[in-house]
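Engineer: model the following, please.
(chains A, B and C)
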Amino acid sequence: MPRKEITLSRTHRTALIGCLVGLCTVAIAPLFLDTYFTNILIRTLLLAAVVMTVDILWGYTGILTFGQSAFFGIGAYACGLVFTHYGFGPGWALGGLALALGSAAVVAAGTGWLAFFHGSSPIYASIITLALPIVLTQVIYSGGSYTGSSSGLSGFPTYFWSLEVWFWIAGCFLVLTTTAGWLLVRSDFGRVLIAIRENEDRSAYLGIPVSRIKTMLMVAAAMVASVAGFAYAAFSNVVAPELAGFQLGTELLIWTALGGRATLLGPVFAAIGIDTMSSWLSGAMPFFWKLLTGIAFVGVIVALPRGLAPLISGLWNRLRPQRNAIDFEASVVKAPGTRMLQGSFGDAPPLRIVGLSRRYGSLEVLRDVNLIGKGTELLGIIGPNGAGKTTLMRCISDGKERTTGTLYINNVEIAHSSPQQVVGLGVGRSFQNTNLFETLTVSECLKLARYRIDGASLFSRSDTVALPQPSLDILQATGLDKKLSEETKNLSHGMKRGLELAMVLATEPSVLLLDEPTAGLTRPERMAIGSVLTKLTRDFGLCIVLIEHDLDFVRAISDRVVVLHQGAILMEGTVEEVVASDLVKAVYAGHKEDESA
Amino acid sequence: MGSVIFDILTTAGILFVVASGLMIILGVMKLLNFAHGAFLTAGGYAAYLTGAAGISPWFSVPLAGIVGIVFGLLVERTIIRPLYNRPLDAILATWGLGIVISQIFALTFGRGVQFAPSPLSGTIEVLGIEYSAYRLAVSAIAVLLAIALIALLSLTRFGLNARAVIVNENLARGLGIDSTRVRAITFGLGAGLACAAGALITPLLSVDPNMGLPWLVNSFMLVLISGVSFPSLLLASLVLGGTQVLISTFISPILGGMTIVVLAAMILRLNPKGFSRA
Amino acid sequence: MSDAILTLSDITSGYGSAAVVRDVSLDIKQGEILAVLGKNGMGKSTLLKTIMGFVSPFGGQVILRDKDVTQTPPHMMARSGVAHIPQENTLFPDLSVEDNLRLGVNSDRLFRQRLPTIESLFPRILERMKQRAGTLSGGEQKMLLMCRGLISHPRLMLIDEITEGLQPAMVDRMAEVLVKARDDLGISVLLVEQHLDFALSIANRFMILKLGEIVDQGVVDSQVTSDQLSAHLAV
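Structural biologist: Coordinates of the predicted model:
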């Protein structure tokens, strides 16, 4: 346990040192800068904080946003409008700031509702963020003398503090928000964000509320941006529609890309460097400078997708190779009293499907499927390709998939629940392809699977994962418990399969859906997985639904087999009964008689 | 009242012409081309240069189309092809390209507004209403273009190959279709269409280095809402463009300016398939 | 110089880190039907996709008429006379039957020239030229697939479970067509199948693929009966 404290404080210590160095730099910088540069840098530092939020949204979470400028603009206009039309003073300033935060949060929540829902495409979400500043600019234009229309508002009363004071405000704001951002992306919650970027669907099927997290993140980022905008308006004494415009929004993206997405400090320094340079150079050669950044941007996207920061940090690491050791050793412990251990022996069946069908247009992939999965039962689903096996899994794990029919998990009707809600009801689903989160380590993947139950701390990182017994068993059986700090892309195929299963079990399901869990495994690996599955049903009362082609494998572990054919249940029985059946033989061999005839 | 109906029809025509180049690229390449606005601008300058050189304004549209195709092929080879597996990066790269193009125009022609001569001036009387002759001509061209594009896709060998790539690229490759080549030609065609559209609408407006931008987002919305189908695009242009005209005329032009974006976003939120089944 | 149309040597292939096919070697001569038998999930489709260039092998070589074509892109394989008839997503369901057939050849002139030969094999397809392919019955869709493969005048056909879900009469018809293609047109066929009676009725040789490896092979003659092999292939 003492190790935990050491590692916790190491991340926080680095953050603290970085923060203090940053604050000192900010404190003494005005002594070395002339008025011109101080002036430019105040704006730049505020924008750098906005760029930092863009990096968290895009670089870490994968939300390509063109609209972060809108929130900067909202903050600026909140300041301009309050000071122009309502009053000026400490109370009004605080009220204006509250207004800035509130309206940015509301607009961000609305944008999130529009852009993020289960099944929305990333391109659609990007277009929504692109539309936001455009619509907002139109609104400002339509405000007449209230918003100042295209010329904006200026000359309103404000605090005419000295440049140094404004510089300190802007600098401290940047340093503090960036420190918080730095801790956030390194925390357990930061791993959740990366998981969403790498594989959104998979995250949803682990019970992570993807859309809600994205929206919350958008709201938080919007609030930071609006404070920056508020400060900028109070400092410059001018607000104009350009502050909310999408030109600025895309510039924020460009700086992020050039600095290096998902490096946090890279975009911050890129923003400071490029914005200062462009203010300085654009006087001399305005269009040429923008042309150069445009060319650099395209070049970086095509040739250096990770931006310039990795080049610099690579150099840094070469100079100090001894720091390359793993930061901390991860460990797993047993989770206390889980639902899984209570089991569902003899209770109502965990899985009940009544009259389920699924149509794609005129094509009927499943029709009138009725099925009951009891606790302690391993139910094998077999059938030729295209029989609808995977579609059946999809219908059980996503309430929006089926066309008609009712589905009960532990006696709760799933209605139109999204995948992460279905996970909450007790369904765990593993996928046919091992699509894990490549850059995360084994223990981080397991922690993701525990997000729904244990949550994730926002600003710190723990090195232990509490797992239910079956997950621990699998880790041990596959040797993964020795590789907890390994990135998943370095695992063997068998280990990936094992981790996949351990992750699904970590969500503490009572119904486990497995789509060809042994595909591509060697015979000993298959047998190891097989005995784990048998143990799960026997000792933990799980209901396992298994799609499998290898009938020897099914025979060894399964109690009951359901044969699907052309979307309907052809037959049910023990493996022996099914194998002996002429009907089934005919279907597999291709002598299919139309059974409805 | 009558002129509002003409406004609706001609606005729909213009929107269709402007968005069609974007749609063909999205359909075949699954790529949202953010340089589309810059291609429109390039077409606008092509029209301006044609006029300045004393060539008949009727030639500006085909000339712009040819320039666009050549340029599009070049861009596809150098920038788009390496990013085929990174769709969001491809969006960013085309956006960067758009910036580069508009800065080159700003450096060459300055920030100011330029005008291109119109091949048809004045108004003509249709059904008792005096209406801009060129706007009507643009709508007629839009209808012809829609027919030509539908014919290209449904009657020619290239169209057949392109449709095969749209539906199932792997199956198409297995049948001997060089999907890389189909994509390159598509991008060239899309860029050509965008330039031609820019040249076509410039006599109605004017051209400046950022001329294409306002059209970009509206085109995105129309294309996202239509799926990959020219008849749906025509319908979407008519419905959304029509609403825009009505709101601009009877409520406020500024609200009208956001109609397409807001309406399309709401429709897509409620039904992610949009008009594509229509 | 060998007389093999296609030679595979030690092909190991799969997806990501999973090897689905391990060390498979085989060769097919001109005018020969080789049946690769095995249950679902044993790597048969992956083998065909590897030959066709859809999947890059981890190791080994694909040789087409003495030329190393390992990792050649699929459209180049198709153009060098290999017709792949996959098992799933095989047709363009929203295109007409005619368009689906046109996609089998790369020019409309050749398409019109070759249409009569197809008509002689499958007269019923011609009656449905304007219909959407997705509205054909399962059997007709398989016929269309065969037509599309044959109209390209291939030297080699890679056929993935063409009999799945077919009525017995259709299976017999399919067997007839394949024998005709082999004997009259000299086409070589790599036939991936689970339907033993069908495969053994037309194949010259057979191989059995189990968990990605070849576990048995031989010449099809009166000695080999489906009962003998069915042990490997039990449901």
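Engineer: going forward, measure contacts between C-alpha atoms and count neighbours the same way
Structural biologist: OK.
Engineer: how about the longest helix anywhere in chain B: buried residues?
Structural biologist: Assignment by DSSP state H gives helix B:2-29 as the longest helix of chain B. Within helix B:2-29, the residues scored as buried using 16 or more other C-alpha atoms under 10 Å in any protein chain shown are B:6-29.
Engineer: let me know the secondary structure of the nearest residue in space to B:Ile177 that is not next to it in sequence.
Structural biologist: Spatially, and ignoring its direct neighbours in sequence, B:Ile177 is nearest to C:His75 (5.5 Å; C-alpha to C-alpha, 6 or more residues apart in numbering or on different chains). Counting by DSSP: H, G, I helix; E, B strand; the rest coil, the backbone at C:His75 sits in helix.
Engineer: looking at it, C:His75 is touching B:Gly176, isn't it?
Structural biologist: Yes. Contact criterion C-alpha atoms under 8 Å: C:His75 and B:Gly176 qualify, at 3.8 Å.
Engineer: more neighbours, these two?
Structural biologist: B:Gly176 (25 against 22; other C-alpha atoms under 10 Å in any protein chain shown).
Engineer: contacts only, for the more buried one.
Structural biologist: Contact partners of B:Gly176, counting by C-alpha atoms under 8 Å, 6 or more residues apart in numbering or on different chains, are C:74-79, C:104, C:106.
Engineer: and the spatially most central residue of chain A, how far from chain B?
Structural biologist: Centroid-nearest residue in chain A: A:Ile196, 2.3 Å away (criterion: C-alpha atoms, centre = their mean). Separation of A:Ile196 from chain B (C-alpha to the nearest C-alpha, to the nearest Å): 15 Å.
Engineer: over to that residue: give its phi and psi.
Structural biologist: phi -60, psi -40 (degrees, to the nearest 10).
Engineer: can you list contacts of the helix or strand of chain B with the lowest mean pLDDT?
Structural biologist: Every helix and strand in chain B was compared by mean pLDDT, DSSP states H and E; the lowest is strand B:123-126, with a mean of 78. Contacts to strand B:123-126, defined as C-alpha under 8 Å, 6+ apart, come from residues B:130-134.
Engineer: nearest to B:Asn168 among those?
Structural biologist: Set against B:Asn168, the nearest of these by C-alpha to C-alpha is B:Tyr134 (41.0 Å).
Engineer: just to revisit the earlier point, drop anything exposed from the contacts of strand B:123-126.
Structural biologist: Buried among these (16+ other C-alpha under 10 Å): B:131-134.
Engineer: what about the nearest residue to C:Tyr15 once chain neighbours are set aside, how many neighbours?
Structural biologist: Leaving out its chain neighbours, the residue that sits closest to C:Tyr15 by C-alpha to C-alpha, 6+ apart is C:Val55, at 7.7 Å. Other residues within reach of C:Val55 by the criterion other C-alpha under 10 Å amount to 18.
Engineer: mind listing what C:Val55 touches?
Structural biologist: C:13-15, C:46, C:49, C:71.
Engineer: pLDDT-wise, what's the bottom of those?
Structural biologist: Model confidence across the contacts of C:Val55 bottoms out at C:Tyr15, which has 80.
Engineer: enumerate the residues of chain C near chain A.
Structural biologist: Applying C-alpha under 8 Å from any C-alpha of the partner chain, we find that chain C lies next to chain A at C:17-20, C:39-41, C:88, C:163-168, C:194-196, C:211, C:234-235.
Engineer: 6 Å instead?
Structural biologist: When proximity is defined as C-alpha under 6 Å from any C-alpha of the partner chain, chain C approaches chain A at C:17-18, C:20, C:40, C:164-165, C:168, C:195.
Engineer: cool, the stretch 101-250 of chain B as well?
Structural biologist: B:Gln103.
Engineer: report the rounded mean pLDDT for the helix ranked longest in chain A.
Structural biologist: Criterion DSSP H: the longest helix present in chain A is helix A:2-32. Average pLDDT, helix A:2-32: 77.
Engineer: got it, and stretch A:113-128?
Structural biologist: Per-residue scores along stretch A:113-128 average to 85.
Engineer: just the residues contacting that stretch, thanks.
Structural biologist: A:64-65, A:211, B:269 (C-alpha atoms under 6 Å, 6 or more residues apart in numbering or on different chains).
Engineer: same question, stretch B:129-146
Structural biologist: Against stretch B:129-146 from outside (C-alpha under 6 Å, 6+ apart): B:10, B:13, B:17, B:120, B:123-124.
Engineer: with only the CA atoms kept, save that stretch in PDB.
Structural biologist: As requested, C-alpha coordinates have been extracted for stretch B:129-146 and formatted as PDB (Å, rounded to 0.1, in the frame of the first residue of the first chain):
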ATOM      1  CA  ILE B 129     -43.700  37.900 -63.900                       C
ATOM      2  CA  GLU B 130     -40.500  39.800 -64.600                       C
ATOM      3  CA  TYR B 131     -37.600  37.600 -63.400                       C
ATOM      4  CA  SER B 132     -33.800  37.600 -63.700                       C
ATOM      5  CA  ALA B 133     -33.000  35.800 -66.900                       C
ATOM      6  CA  TYR B 134     -29.700  34.500 -65.600                       C
ATOM      7  CA  ARG B 135     -31.200  33.000 -62.400                       C
ATOM      8  CA  LEU B 136     -33.700  31.100 -64.600                       C
ATOM      9  CA  ALA B 137     -30.800  30.000 -66.800                       C
ATOM     10  CA  VAL B 138     -28.900  28.700 -63.800                       C
ATOM     11  CA  SER B 139     -32.000  26.700 -62.700                       C
ATOM     12  CA  ALA B 140     -32.300  25.200 -66.200                       C
ATOM     13  CA  ILE B 141     -28.700  24.300 -66.100                       C
ATOM     14  CA  ALA B 142     -29.200  22.700 -62.600                       C
ATOM     15  CA  VAL B 143     -32.000  20.500 -64.100                       C
ATOM     16  CA  LEU B 144     -29.800  19.500 -67.000                       C
ATOM     17  CA  LEU B 145     -26.900  18.800 -64.700                       C
ATOM     18  CA  ALA B 146     -29.100  16.600 -62.500                       C
END
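Engineer: any buried residues in it, and which?
Structural biologist: Neighbour count says stretch B:129-146 has B:131-143, B:145-146 buried, by 16+ other C-alpha under 10 Å.
Engineer: what strand or helix carries the most centrally placed residue in chain C?
Structural biologist: Closest to where the C-alpha atoms of chain C average out (C-alpha atoms, centre = their mean) is C:Ile159, at 1.4 Å. For C:Ile159, the enclosing helix or strand under DSSP states H and E is strand C:156-160.
Engineer: for A:Gly405, same thing?
Structural biologist: strand A:404-409.
Engineer: surely B:Trp203 touches B:Leu120?
Structural biologist: Not Trp; residue B:203 is Pro. No. Using C-alpha atoms under 6 Å as the test, B:Pro203 is too far from B:Leu120 to be in contact (9.2 Å).
Engineer: of the two, who's got more company?
Structural biologist: Using other C-alpha under 10 Å as the criterion, B:Pro203 and B:Leu120 rank with B:Pro203 on top: 22 against 15.
Engineer: stretch A:388-396 and chain C, are they touching?
Structural biologist: No. Using C-alpha under 6 Å from any C-alpha, stretch A:388-396 never reaches chain C; the gap is at least 12.9 Å.
Engineer: what does stretch A:474-489 give?
Structural biologist: No. Stretch A:474-489 lies out of reach of chain C by C-alpha under 6 Å from any C-alpha, never closer than 9.2 Å.
Engineer: distance from the chain centre to that stretch, please.
Structural biologist: From the chain centre to the centre of stretch A:474-489 is a distance of 23 Å (C-alpha atoms, centre = their mean, to the nearest Å).
Engineer: stretch B:151-164 now?
Structural biologist: Relative to the centre of its chain, stretch B:151-164 is centred 20 Å away, using C-alpha atoms, centre = their mean.
Engineer: can you mark which positions in it are buried?
Structural biologist: Going by 16+ other C-alpha under 10 Å, stretch B:151-164 has these buried residues: B:153-154, B:157, B:159-164.
Engineer: follow-up on the earlier one: so how far is the strand holding A:Gly405 off the chain centroid?
Structural biologist: 29 Å.
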